[in-house]
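> Model the structure of this input:
(chains A, B and C)
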Amino acid sequence: MARHYWLMKSEPSIFSVQDLAKKPRRTASWDGVRNYQARNHMMAMKKGDGVLFYHSSDDPVGVAGIALVVKEAYPDHTARDRKSEYYDPKATEEKPRWFMVDVRWEATFPDLVTLDSLRRNPKLRGMLILRKGNRLSVTPVTASQFAAVRAMGKPSAA
DNA sequence: GCCAACGTTGGC
DNA sequence: GCCAACGTTGGC
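So this is what the prediction gives:
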């Protein structure tokens, strides 16, 4: 079974890789995804897949660390919680519509791998995050892209 | 705050 | 099913 790799965006003011590291078991559910393409990518994730944890809407933006998929897609309960900002009246128990995965912290980069530095790395040509106008919060990356970004981040822990 | 690039919604 | 209007994302 081949391992697959992904990039997931989060606004660090809401949830950062440092927040993930502080969670019990360093694990959290990735809730609140409300885009079908992103959801479909999450539904394709398998236990053990690698995740580049990207900080968006920050200064600067970039990949902040590495996480690991530890639980495959299951219904996102926030879609059925009226009090949640992610509430979706069209989500039902039979048809949950939205799903999430659990990810576990694996590493925080000593220094953020900035979007600018990603752009400068020729090995990362074609990476979806680098495409103009890309807004997708969950995107696949290749094994070599994943390895190149991890090398740029020089994580002390693994 | 601006705006490009989408995705979604709803009238027809 | 089309598509205009609208809303959102996210870099700058």
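> which SS state does A:A148 fall under?
Classification of A:A148 using DSSP: H, G, I helix; E, B strand; the rest coil returns helix.
> For stretch A:117-135, which outside residues touch it?
A:7, A:54, A:62-63, A:115, A:136, A:139-141, A:144-145, A:148-149, A:152 (Cβ atoms under 8 Å, 6 or more residues apart in numbering). For glycine as for every other residue, the C-beta is placed from the backbone atoms N, C-alpha and C.
> how does it look with 7 Å?
A:L7, A:Y54, A:G62, A:L136, A:T139, A:V141, A:S144, A:Q145, A:A148, A:M152 (Cβ atoms under 7 Å, 6 or more residues apart in numbering).
> next one: stretch A:100-112
A:17-18, A:20-21, A:25-31, A:33, A:42, A:45, A:51, A:55, A:60, A:62-74, A:76, A:153-158.
> re the thing from before, list the ones among the contacts of stretch A:117-135 that fall in helices.
Using DSSP state H, A:S144, A:Q145, A:A148, A:M152 are the members of those that sit in helices.
> Neighbour-wise, give me the winner out of these.
Taking other Cβ atoms under 10 Å as the neighbour criterion, A:Q145 ranks highest of the ones in helices among the contacts of stretch A:117-135 with 22 neighbours.
> just to revisit the earlier point, any chance of the contacts of stretch A:117-135 in TSV, plus distance to A:W98 and pLDDT?
Conversion of these to TSV gives the following (distance: Cβ to Cβ, whole Å; pLDDT from 0 to 100):
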residue	distance to A:W98	pLDDT
A:L7	20	96
A:Y54	20	97
A:G62	27	96
A:L136	15	93
A:T139	18	94
A:V141	23	95
A:S144	31	94
A:Q145	27	95
A:A148	32	96
A:M152	32	95
